[in-house]
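Participant: return atomic coordinates for the entry below.
(2 chains)
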Amino acid sequence: AQSVTQLGSHVSVSEGALVLLRCNYSSSVPPYLFWYVQYPNQGLQLLLKYTSAATLVKGINGFEAEFKKSETSFHLTKPSAHMSDAAEYFCAVSGPNSGYALNFGKGTSLLVTP
Amino acid sequence: EPEVTQTPSHQVTQMGQEVILRCVPISNHLYFYWYRQILGQKVEFLVSFYNNEISEKSEIFDDQFSVERPDGSNFTLKIRSTKLEDSAMYFCASTGGRLMQETQYFGPGTRLLVL
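Facilitator: Predicted structure coming up:
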């Protein structure tokens, strides 16, 4: 089955700094990859997804992610962090070996400091 | 913007009791899912549901769990005899289509605490 690993359970950045949240996937077939964000007391909201159309995917709130097959990675980036970006971020995968269920990583908590 | 809703937001129950968690998916969606997140662990898939039957289920989804769409709007998860280890956040999700790249829309979750 497909799986993802998120490196770093907590990431802290200064406001205005680059945000980089790491996600590596394991899959023997082309996967579908997703990044979700969870703000406090809210549900999971889709930031962006990779569905094999383009390797650089742009999402909401200025986030983007690049699918790199050679590195089996799908890291999430944002050029300049805002205080409002503080949240929990989840990478997830679905695909032929895992069916329609999303297989999530453990999540990364992003802290943005003034 | 349409959204998935879940009730209650929090539930506390005694071990061995039955609980029913409720979800109202987005109105024109046809595919429904339950996930759970035990504190400090990752979000885990429980079950998917379409056309009044289970499509897929994980090994977590054993005989103590059941799902139902009792009417045209609600989607429920029942835990027959709760155990301490069922304490978790339970998320409902829905999609409009049946593709693996389909976006799943999640509700805010129900936090279940079993004492």
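Participant: by mean pLDDT, flag the weakest helix or strand of chain B.
Facilitator: Within chain B, no helix or strand scores below strand B:53-57, which has a mean of 91 by mean pLDDT, DSSP states H and E.
Participant: so what's the residue positioned nearest the centre of chain B closest to, chain neighbours aside?
Facilitator: Against the mean C-alpha coordinate of chain B, by CA atoms, centre = their mean, the closest residue is residue B:34 at 3.1 Å. Among residues not flanking residue B:34 along the chain, residue B:46 sits closest, at 4.3 Å (CB to CB, 6 or more residues apart in numbering or on different chains). (Glycine included, C-beta is placed from N, CA and C.)
Participant: contacting residues around residue 95?
Facilitator: No chain specified, so I'll use chain A. A:2, A:27, A:29, A:30, A:31, A:32, B:100 (CB atoms under 8 Å, 6 or more residues apart in numbering or on different chains).
Participant: ah, I was thinking of chain B
Facilitator: Counting by CB under 8 Å, 6+ apart, residue B:95 touches B:29, B:30, B:31, B:33, B:102, B:103, B:104, B:105.
Participant: pull the distance from stretch B:98-115 to the chain's centre.
Facilitator: On the basis of CA atoms, centre = their mean, to the nearest Å, stretch B:98-115 sits 6 Å off its chain's mean C-alpha point.
Participant: what residues of that stretch count as buried?
Facilitator: Across stretch B:98-115, burial judged by 16 or more other CB atoms under 10 Å in any protein chain shown covers B:100-112, B:114.
Participant: residue numbers of chain A in contact with chain B?
Facilitator: Applying CB under 8 Å from any CB of the partner chain, we find that chain A lies next to chain B at A:32, A:34, A:36, A:41-46, A:49, A:51, A:90, A:92, A:94-96, A:99-107.
Participant: now with 10 Å?
Facilitator: Proximity of chain A to chain B, by CB under 10 Å from any CB of the partner chain, involves residues A:3-4, A:6, A:9, A:31-34, A:36, A:38-39, A:41-46, A:48-53, A:90-96, A:98-107.
Participant: buried among these? Need that as a selection in ChimeraX.
Facilitator: To isolate the buried ones among these in ChimeraX, judged by 16+ other CB under 10 Å, type:
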select /A:3,4,6,31,32,33,34,36,38,43,44,45,46,48,49,50,51,90,91,92,93,94,95,98,99,100,101,102,103,104,105,106,107
